[in-house]
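Peer 1: Below are the sequence and a predicted model; questions follow.
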Amino acid sequence: MSLINKLKGLHSEGVISMHVPGHKNNTIGKLSDVIKPEYDLTEIPGLDDLHDPAEILRELNDKLSLKQEGYYAQAMVNGTTNGIICGIYALNETASHFYIVGEAHKSVYHGVSLVNASYSVISIDELYEVDLENACVVFTSPSYTGTLIKNIGEHINYIRKNEAFSIIDAAHGAHLSITENFKESLLLSEADAVIESYHKMLPALTMASVLFTKNLEIHERIMHYINQFETSSPSYLVLASIEYAQEFYNEYDDTVFFEKRTALINHLKEYGVKVAEPDDPGKLMLTSAKGAYNLERSLRNEGIYSEMVTDEGVLWCLPLWHEDDSYPFKELLDKITKLKPAADSAAPVKDIAVLEGKVCHENIVPYPPGVPLVLKGNVITNKDIKRIKHYQVNHVKIEGIDYNINYYMNEAEL
């Protein structure tokens, strides 16, 4: 089956999206009114240059910067990964060490690896015990599952007082502060750089992202690397979707969202689904008596596709419902009433015994969420092996396994 046929099939089946991107199969917002194939143009006169914006794209960046006073903004078409890696490259020119707070996306580790930077993984509490002078601290907030770092502005202020830099991977937080009923945007933290994926929760095309920087010097330093790493043929469709998403954000009314959110939560509970509500009201974590992995398969059997499943639960990224949206809410509720436990379906487990006790040569990453389980250079323990097998049995994609197996199998043959 070709990719095109697969996409057509999913569309014709009427599958329901509880995953990114935020336009939810073009049912949230009116993205298709402004994004059309005939608008897929290049840098002809009048359409400016993303790598040196001076006209219409400069206007777009200026509009984006109004999201929070005191920040410069740059629209990006290579996703938040691009902004994170370029931010690390830029600050590595000054920072002598990177501190990664808590769990971080693989792109953070790719960045510090590419610049061969010295780094440590620390907790929030340890932030106040380490030497921060000339360091850079990388936060992830909100987490994939919607947890926010509490009082992050205080942490940023402490970092700045200690002459260090800060980056926030806010890929999952572009919608925060969309109304007063949503938790605070990470732009309120005043971090040196905040990168947001507009496509995660807002109606924008995948790869739509915005870099926000606190001062012009850091902005220009990061832009130096964006201009090297970002494609020289940017998609004007993605850029237009960023502008549309920002307009959606500026004008959003959350009345319908919270009405439907409450109705959905009550309906799920009525039909035996346990619901956890994280800090971000746009996320829900679900589980049931048969466990999260079985629930995810049950939902998928009914045509409801979730964002992710882990031991913690099934992650739903809620639509930002609004007046006159076309999201199939009634159909969603109807499908929930038909849920029944999925048949047991253990996936085959790849033999990874050869890796126990070996040094990891490529990050081992469950994806999603993209947070490394074993980092390159660390020893793969028996506990890691058990965890990997557990993920394999439950159909979780694990990146880096084949690379490591092939490395040691080839080594054995030499």
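Peer 2: Looks like it came in fine.

Peer 1: Going by C-alpha atoms from here, please, whenever you check contacts or count neighbours.
Peer 2: Fine.

Peer 1: three-state assignment of the spatially closest residue to residue 50 that is not a sequence neighbour?
Peer 2: Leaving aside its sequence neighbours, residue 50 sits nearest to residue 57 (Cα to Cα, 6 or more residues apart in numbering; 6.4 Å). Following DSSP: H, G, I helix; E, B strand; the rest coil, the label given to residue 57 is helix.

Peer 1: And the closest residue to residue 182 other than its chain neighbours, how close does it get to residue 74?
Peer 2: Distance criterion Cα to Cα, 6+ apart; nearest residue to residue 182, sequence neighbours excluded, is residue 176 at 5.7 Å. From residue 176 across to residue 74, the span is 18 Å (Cα to Cα, to the nearest Å).

Peer 1: Next: residue 68.
Peer 2: Taken as Cα to Cα, the span from residue 68 to residue 74 is 13 Å.

Peer 1: neighbour count winner among these two?
Peer 2: Comparing residue 68 with residue 74 by other Cα atoms under 10 Å, the one with more neighbours is residue 74, at 24 against 15.

Peer 1: Give me the phi and psi angles of that one.
Peer 2: Main-chain dihedrals, residue 74, degrees, to the nearest 10: phi -140, psi 120.

Peer 1: Just to check, it is in contact with residue 216?
Peer 2: No. Look at residue 74 against residue 216 with Cα atoms under 8 Å: they stay out of range, at 11.8 Å.

Peer 1: Helix or strand for residue 60, just tell me which one.
Peer 2: Assigned by DSSP states H and E, residue 60 belongs to helix 56-65.

Peer 1: Helices of the chain, start to end?
Peer 2: Using DSSP state H, the helices of the chain run over 3-12, 31-34, 56-65, 79-91, 106-114, 152-161, 198-201, 216-229, 236-251, 255-270, 292-301, 329-337, 382-393, 401-413.

Peer 1: Can you check which of these gets nearest to residue 181?
Peer 2: helix 255-270 (9.2 Å; Cα to Cα).

Peer 1: circling back to that earlier point, would you format the helices of the chain as JSON lines with distance to residue 144, mean pLDDT and mean neighbour count included?
Peer 2: Formatted as JSON lines, these follow (distance: least, Cα to Cα, whole Å; pLDDT from 0 to 100; neighbours: other Cα atoms under 10 Å):
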{"stretch": "helix 3-12", "distance to residue 144": "25", "mean pLDDT": "93", "mean neighbour count": "10"}
{"stretch": "helix 31-34", "distance to residue 144": "24", "mean pLDDT": "90", "mean neighbour count": "12"}
{"stretch": "helix 56-65", "distance to residue 144": "23", "mean pLDDT": "98", "mean neighbour count": "18"}
{"stretch": "helix 79-91", "distance to residue 144": "13", "mean pLDDT": "98", "mean neighbour count": "25"}
{"stretch": "helix 106-114", "distance to residue 144": "13", "mean pLDDT": "97", "mean neighbour count": "18"}
{"stretch": "helix 152-161", "distance to residue 144": "17", "mean pLDDT": "98", "mean neighbour count": "17"}
{"stretch": "helix 198-201", "distance to residue 144": "10", "mean pLDDT": "98", "mean neighbour count": "28"}
{"stretch": "helix 216-229", "distance to residue 144": "24", "mean pLDDT": "97", "mean neighbour count": "16"}
{"stretch": "helix 236-251", "distance to residue 144": "20", "mean pLDDT": "98", "mean neighbour count": "20"}
{"stretch": "helix 255-270", "distance to residue 144": "19", "mean pLDDT": "98", "mean neighbour count": "15"}
{"stretch": "helix 292-301", "distance to residue 144": "16", "mean pLDDT": "96", "mean neighbour count": "21"}
{"stretch": "helix 329-337", "distance to residue 144": "23", "mean pLDDT": "98", "mean neighbour count": "15"}
{"stretch": "helix 382-393", "distance to residue 144": "18", "mean pLDDT": "92", "mean neighbour count": "16"}
{"stretch": "helix 401-413", "distance to residue 144": "23", "mean pLDDT": "84", "mean neighbour count": "14"}
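
Peer 1: Tabulate those helices (CSV), appending distance to residue 131.
Peer 2: Listed next are the helices of the chain as CSV, based on distance: least, Cα to Cα, whole Å:
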stretch, distance to residue 131
helix 3-12, 50
helix 31-34, 47
helix 56-65, 32
helix 79-91, 17
helix 106-114, 18
helix 152-161, 10
helix 198-201, 34
helix 216-229, 22
helix 236-251, 38
helix 255-270, 44
helix 292-301, 41
helix 329-337, 51
helix 382-393, 31
helix 401-413, 35
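
Peer 1: who wins for proximity to residue 124 among those?
Peer 2: helix 152-161 (8.4 Å).

Peer 1: wait, residue 361 sits on residue 376?
Peer 2: Yes. Residue 361 is within contact range of residue 376, at 5.1 Å (criterion: Cα under 8 Å).

Peer 1: What distance do you get for residue 21 to residue 204?
Peer 2: Distance from residue 21 to residue 204, by Cα to Cα: 7 Å.

Peer 1: out of these two, which sits in the busier spot?
Peer 2: For residue 21 and residue 204, the more surrounded residue by other Cα under 10 Å is residue 204, and the numbers stand at 33 against 24.

Peer 1: Looking at the more buried one now. What's its pLDDT?
Peer 2: For residue 204, the model assigns a pLDDT of 98.
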